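**Q** Structure of the sequence below:
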Amino acid sequence: MKNYGTIPTSTSPAGTPVNLEYISRAKERLKVGLGACRPWREMFQIHALNLPKSFSDAVARIKTNFAYFQMNYAIIVLLIIFLSLLWHPISLIVFIAMMAVWLFLYFLRDEPLMIFGRLITDRVVLIVLSIVTIVVLFFTRATTNILVALLVGVVVMLIHAAVRKTDNLVFDEADTSLLRSPAGGP
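**A** From the prediction side, this is the model:
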């Protein structure tokens, strides 16, 4: 009764369930991943919004803001897609299921993926999951909604990135790559 109510945090030879360890590692990776999300107040500071002076200034702002706010932009685009699928419940269920597959096979995985004894790189996982997601959502007959929502999300992202000044953005050394690679390499 001394250990009643405690949750084991690591596996033991006695057969502690691996699922609990996997869930705690997944929660930790999710916290780290969402930690890359910048504060929303910083993203929408009114005094940091103004029109760029030239096209090259707009392109430079878009590159810098995308690198800085990439997780925020991803959340916004996914939210727009989610809202567009509210009128297509089957597509919404498929979208949620595919997000779960993405979480487990790409974002929350901390060990390289091995299939039939072969190492599968993250680039292959990314390409295969992208193709499967597009094909599966295509079969739900909500292609137009998804494409329009994706276009709206990209336009919203580009407009914000072009009008948000980059003078007060501070990059960490960990922010140098645009796509964070989970375990297993590029």
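**Q** Give me the local confidence score for S181.
**A** On pLDDT, S181 comes in at 43.
**Q** all helices of this protein, in order?
**A** Assigned helices in the chain, in chain order: 18-35, 40-43, 55-84, 89-102, 122-138, 143-163 (criterion: DSSP state H).
**Q** how close does A48 sit to I159?
**A** 14 Å (C-beta to C-beta, to the nearest Å). The way it works is simple: take the backbone N, C-alpha and C, and place the C-beta from them, glycine included.
**Q** So if I had to pick from these two, which one is more boxed in?
**A** More crowded of A48 and I159, by other C-beta atoms under 10 Å: A48, with 15 against 11.
**Q** Double-check P112 against I120; I have them as touching.
**A** Yes: with contact defined as C-beta atoms under 8 Å, P112 counts as touching I120 (7.4 Å).
**Q** in stretch 90-99, what counts as buried?
**A** Within stretch 90-99, the residues that count as buried by 16 or more other C-beta atoms under 10 Å are S91, L92, V94, F95, M98.
**Q** Run a quick neighbour tally on the spatially closest residue to L158 that is not a sequence neighbour.
**A** With sequence-adjacent residues excluded and distances taken as C-beta to C-beta, 6 or more residues apart in numbering, L158 is closest to I62, at 6.3 Å. Counted with other C-beta under 10 Å, residues neighbouring I62 total 20.
**Q** With F69 instead?
**A** For F69, the count of nearby residues is 23 (other C-beta under 10 Å).
**Q** ditto for T121
**A** T121 is flanked by 14 other residues according to other C-beta under 10 Å.
**Q** 40 is where my numbering starts, stick with that
**A** Shifting the count to begin at 40 puts that one at T160.
**Q** Distance check, it against V98.
**A** 31 Å.
**Q** With T179 instead?
**A** Taking C-beta to C-beta, one finds T179 at 36 Å from V98.
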